[in-house]
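*Asks:* Sequence first, predicted coordinates after that:
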Amino acid sequence: MFTQSQQTVKVWDPLIRTFHWSLATSFLLNYFLLEEGESAHEWVGYLTLALVAVRIVWGFIGPQNARFSDFWPTPTRIKHHLCELLRGDTPSPDRHNPIGGLMILALLAGVVLTGFSGWLATTDLFWGEDWIEDLHETSANLVMGLVGFHVVAVVWFSRRGPHNLIRIMLTGYRDT
């Protein structure tokens, strides 16, 4: 099947890949296609929160690359990574780098804030409150901005580095 020069290394497990593409799809559906206040928008929002809950659990019990401890963005890790980038070194594609870890945490927090504020807007306590609707819209826009930055970074590192990060997230494997 693979020759010696075409061996692959497993990077992302199926749950991480399924989570990634499911979260991207559900967020983009709600952001661009489904109308706020409609049942479909709400149910996709609940799905999005459920996906994040599964990812958080997986971040503690999943395989090494899925664990938060593997990519937690400490100041030391961030400094080391920035020094690598400034030297022109290519970060390891076998895990998230510390800045990528920071992005993951920001995206997860933003999605939770968006989903939670959306849910609150449906409760009797906050129904019709402008500030909760503003929070929901602002957090969704913030997440979309982060998504745009994430996509640009992935494309940039895929072109600059030795591996196509999009293909790795699709297949779970990279070539050695």
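*Replies:* Structure's in. What do you need? Quick caveat: nothing in here was measured; it's all calculated off a predicted structure. Numbers count the residues shown, from 1 in each chain.
*Asks:* residues in contact with the strand or helix carrying Thr18?
*Replies:* Assigned by DSSP states H and E, Thr18 belongs to helix 14-28. Residues outside helix 14-28 that contact it (Cβ atoms under 8 Å, 6 or more residues apart in numbering) are 12, 44, 47-48, 51-52, 54-55, 58, 62, 65-66, 111, 143, 147, 169-170, 172. (Each C-beta comes from the backbone N, C-alpha and C, glycine too.)
*Asks:* just the buried members of these?
*Replies:* 12, 44, 47-48, 51-52, 54-55, 58, 62, 66, 111, 143, 147, 169, 172 (16 or more other Cβ atoms under 10 Å).
*Asks:* wait, which of those residues is closest to Ala153?
*Replies:* Nearest to Ala153 among the buried ones among the contacts of helix 14-28 is Val147, at 10.7 Å by Cβ to Cβ.
*Asks:* So which residues of the chain form helices?
*Replies:* For the chain, the helices defined by DSSP state H occupy 14-28, 39-61, 68-71, 75-87, 98-120, 130-160, 165-171.
*Asks:* as a whole number, average confidence for the second one?
*Replies:* To tie it back to what came earlier, the one meant is helix 39-61. Helix 39-61 comes out with an average pLDDT of 98.
*Asks:* which one of the helices of the chain is the most hemmed in?
*Replies:* Highest mean neighbour count of these: helix 98-120, a mean of 19 (counted as mean count of other Cβ atoms under 10 Å).
*Asks:* how far off helix 39-61 does that helix point, in degrees?
*Replies:* Counting by axes from the mean of the first three to the mean of the last three Cα atoms, to 10 degrees, helix 98-120 lies at 140 degrees to helix 39-61.
*Asks:* Pick out the residue nearest the middle of the chain.
*Replies:* Central residue of the chain (Cα atoms, centre = their mean): Ile104, 4.8 Å from the mean position.
*Asks:* Model confidence for the closest residue in space to that one that isn't next to it in sequence, exactly?
*Replies:* Excluding the flanking residues, the one nearest Ile104 by Cβ to Cβ, 6 or more residues apart in numbering is His96, at 6.2 Å. His96 carries a pLDDT value of 87.
*Asks:* Now for His96, how many residues are close by?
*Replies:* Using other Cβ atoms under 10 Å, His96 has 21 other residues around it.
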